[in-house]
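1. missing the sequence, but the structure's below:
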């Protein structure tokens, strides 16, 4: 398994991660392209390149890589979550919800999947389902300021302003950087 190409691909992937951390997405993509030339079945390279391409504003190219990652690693919820996030932020909320559901079947209490699915439900004006997701998330992570804030917005949009205020005050209480 540790052929020279796999080792070189691994090194290129490690360098790409550093570029992603520094928000230098073009350099990350360049390294990941090279890694995939050397070893085309490096699932992690597809996941990372999908993330970098999405952050660069190329969601369709990102989705191609995320599809490949899901094909190579269908039991990893991260692929479904990233693909769902990409779809969600490009207004394909129905596809996003399908992938968040897939991730939640693998990892039932995934913070990222519940938060993302709640956002998708909110965008589709299905506030009751969004409230359910945020409430479920808060049972597991009761100090999650982002979940409290999103719950507050969902309550507000649904017309329940008293619960909205209570939730937004909780979000402020748990906000780490006031």
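-> Structure's in. What do you need? Predicted, not measured: the structure shown is a model, and the values here were computed from it. Numbering: from 1, shown residues only.
2. Can you point out the buried residues in the helix or strand containing residue 18?
-> In the assignment (DSSP states H and E), residue 18 maps to helix 4-21. Going by neighbour count (16 or more other CB atoms under 10 Å), the buried part of helix 4-21 is 9, 10, 12, 13, 15, 16, 19, 20. The C-beta positions use only the backbone N, C-alpha and C, and glycine is treated the same way.
3. Over to stretch 155-163?
-> Neighbour counts over stretch 155-163 (16+ other CB under 10 Å) mark 155, 156, 158, 160, 163 as buried.
4. pretty sure the last one is in contact with residue 155, am I right?
-> Yes - with contact defined as CB atoms under 8 Å, residue 163 reaches residue 155; the gap is 4.2 Å.
5. now residue 24: how far from residue 56?
-> If you measure residue 24 against residue 56 using CB to CB, to the nearest Å, the figure is 10 Å.
6. Contacts for the helix or strand bottoming out on mean pLDDT in the chain, please.
-> Ranking every helix and strand in the chain by mean pLDDT, DSSP states H and E puts helix 4-21 at the bottom, with a mean of 86. The contact list for helix 4-21, computed with CB atoms under 8 Å, 6 or more residues apart in numbering, reads 25, 27-29, 31-32, 34-36, 38-39, 42, 44-45, 48-49, 51-52.
7. filter these to the buried ones?
-> When neighbours are counted using 16+ other CB under 10 Å, these contain these buried positions: 25, 28-29, 31-32, 34-36, 38-39, 42, 44-45, 48-49, 51-52.
8. So what's the residue count around the nearest residue to residue 168 once chain neighbours are set aside?
-> In space, and not counting its chain neighbours, residue 168 is closest to residue 152: 3.7 Å by CB to CB, 6 or more residues apart in numbering. The burial metric for residue 152, expressed as a neighbour count using other CB atoms under 10 Å, is 23.
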